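**Q** Pasting the sequence and the predicted model now:
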Amino acid sequence: MKNIKYLFVAMGLLISVSCGKNFGDINTDPNNPSQVPVEFLITSAEKAMADDIWDEWLNARFGLLVSQYWAQNNYTDESRWNFRTGVINNYWGYYYSRSLRDLQEIITLNDSGSAAGTAKAKNQNAVASILKVYIFHHLTDTWGPIPYSEALLGSENRAPKYDSQKDVYMGLDRDLQNAIADIDESEDSFGSADVIYGGDMSLWKKFANSMRLRIGMRMSDIEPVMAQSIVEAAAAGAFTSTADNAYFSYLSGQPNNNPLNQDRIERGNADFCLSDVLIDKTLKPLNDPRLEIFADEKVNGGGYFGRPFGQTSATAAGEAPEDYSQPSGAQAVAGAVNFQTMDVLASTAPMILMQYSEVCFILAEAHERTWNVPGSAEEWYNAGIAASMNEWGITDDAAINDYLAQMDVAYSTAPGDWKQKIGVQKWLALFMEGVQGWSEWRRLDFTKLEAPVEGSLFDTGNSPAPVRLTYPTNEQTQNASGYSTGVSALGGPDKLSTRLWWDVQ
């Protein structure tokens, strides 16, 4: 297991600053150091990032619903597009005030400290910058224009401007290029305090290049020349196998267990099943072996059945959760069975930042766009499916080949154009990465997501699902000028139906 008991390590590092040989000024409080070690900050930032992106609220009650992987059992307003104002306000604030703040503090401390300019400090700053890009990208693809260039200045600027999404994207790619250039693969960074890669800078470099692929392809329809340049430049340095995947590994005990595991412990089966869009309309028709890994069999009668997506609260409450398949590990949390290795509700189930399967699908699409990358679209498509199977614990080559040979899966015969073929399989590979699965549906416009079965509570225009999240209401009062420029840069009203800059159709 990677980086066991990481919070204890970080706490030990914090305490150790008061234990040196030179006791110094008697007015210095040894129990309250004036400067937090950067090793503590990276652990804190990674944990906060993982919890905020992966938890019950902005993942389960937003990302996993707008991507229609999950469905709600009761209090179903979110699956009918009525998202809670308080939650939106809170999580906007969490991203900026927790993980992003700690990551910026690492850079500030390194640049002003005695180690400034050393290879280790540069590596640490590169890691912090890459994670900042990951979080800012998550923010901008959820809301659109966001505070970016003037963000994280604290009291120096309490009303930062909103940068256009185009400017954010260009800045994020520039930040990744700078981080990659600064990485010294022969030097350490944070060691075991880095929960994601244990300080391995060769893996951080691959992750940065893979993020460039994600960002480049995301803007392929609006800035095709720039997108092609980014993807072609980053492809050779990106993930080359599932061993490179970026995960935040949770521990078995509270408070360091997977937040979705904790929610299930506290709430039981009250909240979520898997959707019929995923199970009945995709996995089962394709004879997909991932079905038994993504889902538990339904308690009443066995078998795999998804809950209709977007029921009213009254309808959902009248149908027992036990009549539908719940996320894998639900019955293990209840004590009915033992956990399986890949259960998504296990306490140690990781938060996924990015996987090799996604890189494969990006390169398949790059070929369809006639960009200069190796291989062929079909080869990368098949590699993406095989990688996803491996990532979910399926290693039987015969089973994978049987799946690929089906007419509705094989690249030459699967229905639809290349956007449909790649889109559906990429959406499956992104299971549990709610915002990413939703983003690929918005961008590629493949046929999959459906309007709520019992109607929407908010207008999504001509789209069956939202194409963005509305801004926090707090911003309208606490940063009115920034909010106004953000809506202006958005190019449309602050509604669920206003498309982002890269969402051209």
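**A** Cool, the structure landed. Numbering: from 1, shown residues only.

**Q** in the stretch 201-350 of the chain, which ranges drop under the pLDDT threshold?
**A** Judged by pLDDT under 70, the stretch 201-350 of the chain has no weakly predicted residues.

**Q** what's the closest residue to residue 490 other than its chain neighbours sitting at in phi/psi?
**A** The shortest distance from residue 490 to any non-neighbouring residue, by Cβ to Cβ, 6 or more residues apart in numbering, is to residue 144 (4.8 Å). In this view, the C-beta of every residue, glycine as well, is placed from N, C-alpha and C. The phi/psi pair for residue 144 (degrees, to the nearest 10) reads phi 110, psi -130.

**Q** list the contacts for residue 144?
**A** Contact partners of residue 144, counting by Cβ atoms under 8 Å, 6 or more residues apart in numbering, are 165, 468, 486, 489, 490, 498, 500, 501.

**Q** Which of the residues you listed fall in helices?
**A** For the contacts of residue 144, membership in helices holds for 165, 486, 489, 490, with DSSP state H as the criterion.

**Q** Make JSON lines out of the residues you listed and add pLDDT, neighbour count and distance to residue 198.
**A** Shown next, in JSON lines, are the ones in helices among the contacts of residue 144 (pLDDT from 0 to 100; neighbours: other Cβ atoms under 10 Å; distance: Cβ to Cβ, whole Å):
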{"residue": "165", "pLDDT": "98", "neighbour count": "25", "distance to residue 198": "34"}
{"residue": "486", "pLDDT": "97", "neighbour count": "23", "distance to residue 198": "38"}
{"residue": "489", "pLDDT": "97", "neighbour count": "19", "distance to residue 198": "39"}
{"residue": "490", "pLDDT": "97", "neighbour count": "22", "distance to residue 198": "40"}
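
**Q** farthest pair in the residues you listed?
**A** Farthest apart among the ones in helices among the contacts of residue 144 by Cβ to Cβ are 165 and 486. That separation is 9.7 Å.

**Q** Can you work out which residues contact both of these two?
**A** 144, 145, 146.

**Q** ok, so of these, who is nearest residue 264?
**A** residue 146 (31.4 Å).

**Q** The closest one contacts residue 136, doesn't it?
**A** Yes: between residue 146 and residue 136 there is a contact under Cβ atoms under 8 Å: 7.2 Å.

**Q** Quick check: neighbours shared by these two?
**A** With Cβ under 8 Å, 6+ apart as the test, residue 146 and residue 136 both reach residue 168.

**Q** which stretches of the stretch 1-150 of the chain form helices?
**A** Remark: helices assigned in the stretch 1-150 of the chain by DSSP state H, counting those that start in this stretch are 6-16, 38-54, 64-66, 85-94, 100-112, 119-143.

**Q** Make a markdown table from those helices and add distance to residue 194 to it.
**A** Supplementary listing: these in a markdown table, determined by distance: least, Cβ to Cβ, whole Å:
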| stretch | distance to residue 194 |
| --- | --- |
| helix 6-16 | 9 |
| helix 38-54 | 6 |
| helix 64-66 | 27 |
| helix 85-94 | 21 |
| helix 100-112 | 11 |
| helix 119-143 | 7 |
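
**Q** what about the residue nearest to residue 51 when sequence neighbours are not counted, distance to residue 275?
**A** Nearest residue to residue 51 in three dimensions, chain neighbours excluded: residue 259, at 5.3 Å (Cβ to Cβ, 6+ apart). Counting by Cβ to Cβ, to the nearest Å, the gap from residue 259 to residue 275 is 20 Å.

**Q** cool, residue 148 as well?
**A** Plainly put, residue 148 is 33 Å away from residue 275 if you go by Cβ to Cβ.

**Q** the more surrounded of the two?
**A** Of the pair residue 148 and residue 275, residue 275 is the one with more neighbours under other Cβ atoms under 10 Å, namely 28 against 23.

**Q** phi, psi of the more buried one?
**A** Per degrees, to the nearest 10, the backbone of residue 275 is at phi -80, psi 160.

**Q** can you check the one 4 residues further on too?
**A** Reported as degrees, to the nearest 10, the phi and psi values for residue 279 are phi -80, psi -60.

**Q** Next up, the contacts around the residue nearest to it when sequence neighbours are not counted.
**A** Distance criterion Cβ to Cβ, 6+ apart; nearest residue to residue 279, sequence neighbours excluded, is residue 306 at 3.4 Å. Shown in contact with residue 306 (Cβ under 8 Å, 6+ apart): 71, 273-281, 295, 324-325.

**Q** ok, back up a step: how about the shared contacts of residue 165 and residue 486 in CSV, adding distance to residue 340 and pLDDT?
**A** As requested, the shared contacts of residue 165 and residue 486 are exported to CSV (distance: Cβ to Cβ, whole Å; pLDDT from 0 to 100):
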residue, distance to residue 340, pLDDT
144, 39, 98
145, 42, 98
146, 39, 98
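
**Q** Looking at these, which is nearest residue 494?
**A** residue 144 (9.0 Å).

**Q** Residue 303 and residue 276: what is the separation?
**A** 13 Å.

**Q** between the two, who's got more neighbours?
**A** residue 276 (21 against 9).

**Q** Hmm, the more buried one is touching residue 311, no?
**A** No: checked against Cβ under 8 Å, the pair residue 276 and residue 311 is beyond contact range at 10.3 Å.

**Q** what touches both of the two?
**A** residue 71.
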